[in-house]
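Trainee: what shape does this take:
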Amino acid sequence: MKIAFIGQQDFGKAALEAFMARGDQVAGVFCMPDQPGAKPDALREAAQAKGLPLFQFASLRSAEAERAMRDLNADLGVMAYVLQFVPQNFVNIPRHGTIQFHPSLLPRHRGPSSINWPIALGETETGLSIFRPTDGLDEGPVILQKSCAIGADETLGELYFNKLFPMGVAALLEAADLVCAGRHQERMQDESRAGYEGWFQEEESRINWSNHVDQVYNLIRACNPAPGAWTVLNGQRAWLYDCRKIAVQKFSEVRGKPGEIARVTPTSIVINSQGGQIEVLKLRPEGGKKMGAGDFARERALAITSS
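Mentor: Numbers count the residues shown, from 1 in each chain. Purely as a prediction, here's the structure:
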């Protein structure tokens, strides 16, 4: 099939390479314009290395973008990790329309941080959807869905790179075949079950140690490796990454208040929360790099604050 590709970064690159590896023709690639100081876009670099026609429009709503898509005469549009708004008149141009990847079980968790939120909310299952993009955010009819478990200790990075990333690439190939063969079915999303969450940013990733230890642990997992859940240690902001949850059976087993340091070990810092403790193994102090929590404690002569 002849494909018009819209995407960016590592997922976009992997999907592009998967289509090309099986012999599909990529008529052209649409990427966001390069941002000053940002990491080079992996999809853009791959498209250039393969000599593919590359388009970097500031807006895909422009007449120039629409004309470029029409000139490709593609069978199918494929959207793989897209942060630009893509209008309906653009995605309808390819002969069989366009399909889009979204890393959640739509209509649940619409929005840009749809991998973080299920982990933060303590859910045990998530998945991906291949759907028809519309002018509504992640609202189009679903063509294909795949589900996967969220492990009790699984982090954002583990869930994405070990499960959703490879599953998503394979699902795009499967959905493309179904659509171009006319064997797919489109299911409208049930709006009564729909949910939307915004970006998982600084305010969302701040740790409230007065929350139950399960909530704190889920938040830290949902922010690892980025953006990192943060707190204040020894008067300095620090972002926490690798951690362990220590549940307790009795309230009396936790000495001190939520947020206080219960103990410091050679490799970790243990902090109180409601119903348990969090053992921090890796963190990043403000202005610094990721480091072992034990090293951080020694450098700053961190003391136990609970009694």
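
Trainee: show me what contacts the residue positioned nearest the centre of the chain?
Mentor: Ranked by distance to the mean C-alpha position of the chain (C-alpha atoms, centre = their mean), the top residue is residue 115 at 4.6 Å. Taking C-beta atoms under 8 Å, 6 or more residues apart in numbering, we find residue 115 in contact with 103-104, 126, 156, 159-160, 164. In this view, the C-beta of every residue, glycine as well, is placed from N, C-alpha and C.

Trainee: so which two of the residues you listed are the farthest from each other?
Mentor: 104 and 156 (13.2 Å; C-beta to C-beta).

Trainee: what's the spacing between the closest residue in space to residue 56 that isn't next to it in sequence and residue 296?
Mentor: If the residues on either side of it in the chain are set aside, residue 56 comes closest to residue 33, at 4.6 Å by C-beta to C-beta, 6 or more residues apart in numbering. Spatial separation of residue 33 from residue 296 under the definition C-beta to C-beta, to the nearest Å is 39 Å.

Trainee: cool, residue 172 as well?
Mentor: Relative to residue 296, residue 172 is positioned 42 Å away (criterion: C-beta to C-beta).

Trainee: ok, now residue 16?
Mentor: With distances taken as C-beta to C-beta, residue 16 is found 40 Å from residue 296.

Trainee: strands along the stretch 51-200 of the chain, start to end?
Mentor: For the stretch 51-200 of the chain, the strands defined by DSSP state E, counting those that start in this stretch cover 54-55, 76-80, 98-102, 125-131, 142-149.

Trainee: how about residues contacting the second one?
Mentor: Under the criterion C-beta under 8 Å, 6+ apart, residues 1-7, 11-12, 15-16, 19, 43, 69, 86, 91, 93-101, 133, 168, 172, 176, 179-180 lie in contact with strand 76-80.

Trainee: so what's the residue count around residue 147?
Mentor: Other residues within reach of residue 147, judged by other C-beta atoms under 10 Å, total 10.

Trainee: just checking, it touches residue 127?
Mentor: Yes: with contact defined as C-beta atoms under 8 Å, residue 147 and residue 127 form a contacting pair (3.7 Å).

Trainee: would you map the helices across the stretch 151-300 of the chain?
Mentor: With helices called from DSSP state H, counting those that start in this stretch, the stretch 151-300 of the chain shows them at 156-159, 165-180, 213-222, 293-299.

Trainee: in a markdown table: these, plus mean pLDDT and mean neighbour count.
Mentor: As requested, the helices of the stretch 151-300 of the chain are arranged in a markdown table below (pLDDT from 0 to 100; neighbours: other C-beta atoms under 10 Å):
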| stretch | mean pLDDT | mean neighbour count |
| --- | --- | --- |
| helix 156-159 | 98 | 19 |
| helix 165-180 | 98 | 19 |
| helix 213-222 | 98 | 24 |
| helix 293-299 | 94 | 18 |
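
Trainee: of these, which is nearest residue 65?
Mentor: Set against residue 65 and scored by C-beta to C-beta, these come closest in helix 165-180, at 21.6 Å.

Trainee: for the stretch 51-200 of the chain, give me the ranges with low pLDDT.
Mentor: Low-confidence segments of the stretch 51-200 of the chain (pLDDT under 70): none present.
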